[in-house]
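> need a 3D model of the following:
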Amino acid sequence: MLTAKNLTKKYGNQIALNALNLTIKKGEIFALLGQNGAGKTTTINLFLGFIKPTSGELKINDISVIQRPEETKKHIAYIPETVTLYTNLTGLENLKFFSSLAGFKYSKDELTFFLKKAGLQTTAHNQNLGGYSKGMRQKVGIAIAVAKQAKVLLLDEPTSGLDPKASNEFSQILKELSADGTAILMATHDIFRAREVATHIGIMKQGNLVTIIEVDKISANELEELYLQTV
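Sure, this is the predicted structure:
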């Protein structure tokens, strides 16, 4: 679902991403770990088409992001560290609006189902987002991804600032989406949350993907030790 081949991004003489090779299959959750400036957000932004690569290629659902960017956007949903929604609209109204932008028209019952699937409590569906916590807004973002029938979910520091309960709930939702076949790429600083939710973890340093680990082959303590040794 996601492929990068020798993907490189330079800003002048500075290399933000160096010859990245990455493959994420249907149902896999790939977590990118690394310090600030390691290349995690650059990778996400390249797949989103927000920035153009200096060289290399990248595909979403076997479609070139460089050659057919608008078509690739039909297959993806993006949840940044802070989800930008309309605070003067309710959760239900936000979901209706953003899903309609993607060309979908759903009944109120269908919209309610998506919000429930994303874990948003029913009492909040008709409340304005101005009163939502960050975790509740993240759930509306997940509901939008489900309503868009996104095959790929791109996340940039999605659990930053969430309390442990909200972070755990978010992780469970990601696992459910993965079980439904969604491919997920997540940039994060949270080593233990990555270990809990991901199928694969990549550690980045200075624009290089230094190592890729299958999560079921490493313990949390071993991952922490490897991370500290790498960065």
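
> Three-state assignment for residue 100, please.
Secondary structure for residue 100, judged by DSSP: H, G, I helix; E, B strand; the rest coil, is helix.

> quick one: it from residue 36, how far?
From residue 100 across to residue 36, the span is 36 Å (C-beta to C-beta, to the nearest Å). Where C-beta positions appear, they are placed from N, C-alpha and C, glycine not excepted.

> ok, residue 173 next?
26 Å.

> that older thread, quick one: which of residue 100 and residue 36 has more around it?
residue 100 (12 against 7; other C-beta atoms under 10 Å).

> what sits closest to the one residue sitting closest to the centre of the chain if chain neighbours are left out?
By C-alpha atoms, centre = their mean, the chain has its centre lying nearest to residue 155, at 2.0 Å. In space, residue 155 comes closest to residue 186 once its chain neighbours are excluded; the distance is 4.2 Å by C-beta to C-beta, 6 or more residues apart in numbering.

> beta partners for the one you found?
residue 31, residue 155 (DSSP bridges).

> helices and strands around the helix ranked longest in the chain, which ones?
For the chain, the longest helix by residue count, based on DSSP state H, is helix 164-179. Other elements packing on helix 164-179 under the criterion 3 or more C-beta pairs under 8 Å, 6 or more residues apart in numbering; DSSP states H and E are strand 29-33, helix 134-147, strand 183-188, helix 191-197.

> for these, which one sits closest to residue 42?
strand 183-188 (9.3 Å; C-beta to C-beta).

> could you pull up the mean pLDDT of the closest one?
Mean pLDDT, strand 183-188: 95.

> between the lowest-mean-pLDDT helix or strand in the chain and strand 29-33, how many degrees?
Lowest by mean pLDDT, DSSP states H and E among the helices and strands of the chain is helix 164-179, with a mean of 88. Per axes from the mean of the first three to the mean of the last three C-alpha atoms, to 10 degrees, the angle that helix 164-179 makes with strand 29-33 is 130 degrees.

> restricting to C-alpha, output helix 164-179 in CSV.
Extracted C-alpha coordinates of helix 164-179, given in CSV (Å, rounded to 0.1, in the frame of the first residue of the first chain):
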residue,chain,number,x,y,z
PRO,A,164,-2.6,7.5,29.2
LYS,A,165,-6.3,6.4,28.9
ALA,A,166,-6.9,8.4,25.7
SER,A,167,-3.6,7.2,24.3
ASN,A,168,-4.5,3.6,25.0
GLU,A,169,-8.0,4.0,23.4
PHE,A,170,-6.4,5.5,20.3
SER,A,171,-4.0,2.5,20.1
GLN,A,172,-6.9,0.1,20.2
ILE,A,173,-8.7,1.9,17.4
LEU,A,174,-5.5,1.7,15.3
LYS,A,175,-5.4,-2.0,15.9
GLU,A,176,-9.0,-2.4,14.7
LEU,A,177,-8.3,-0.4,11.6
SER,A,178,-5.3,-2.6,10.9
ALA,A,179,-7.4,-5.7,11.3
